[in-house]
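> Here is a sequence with its predicted model. Questions after.
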Amino acid sequence: MIVWPETASPTVLRRDPELQRTLTTISAELRSPLLVGSIDVLDGVPRRLSNAAFLVSAQGIVGQV
């Protein structure tokens, strides 16, 4: 597993399909999941951002905390 620090992604990862594709490709090529820090938007709360971590594999985002 490769661990990137908190807010390594400067965008909301769940809303950035191009970055998701890039990270998925990196994970597949390295044959290793990525734990990526990113900001996220809280569902149902307009303009409310929080820190989050996403587990990205060759299949895309497979987990979030």
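Received, thanks.

> list the helices and strands the host helix or strand of S27 packs on?
According to DSSP states H and E, S27 maps onto helix 17-30. With contacts taken as 3 or more Cβ pairs under 8 Å, 6 or more residues apart in numbering; DSSP states H and E, helix 17-30 sits against strand 34-41, strand 49-57, strand 60-64. C-beta here means a position set from N, CA and C on the backbone, and glycine is covered the same way.

> How far off centre is the last one?
Going back to what we said before, that points to strand 60-64. On the basis of Cα atoms, centre = their mean, to the nearest Å, strand 60-64 sits 7 Å off its chain's mean C-alpha point.

> Looking at that strand now, give me its mean pLDDT.
Averaging pLDDT along strand 60-64 yields 95.

> Extract the C-alpha trace of that strand and format it as CSV.
Extracted in CSV, the C-alpha atoms of strand 60-64 (Å, rounded to 0.1, in the frame of the first residue of the first chain):
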residue,chain,number,x,y,z
GLY,A,60,-11.4,2.8,-8.4
ILE,A,61,-12.4,4.2,-5.0
VAL,A,62,-13.1,1.1,-2.8
GLY,A,63,-13.2,2.8,0.6
GLN,A,64,-13.4,6.1,2.4
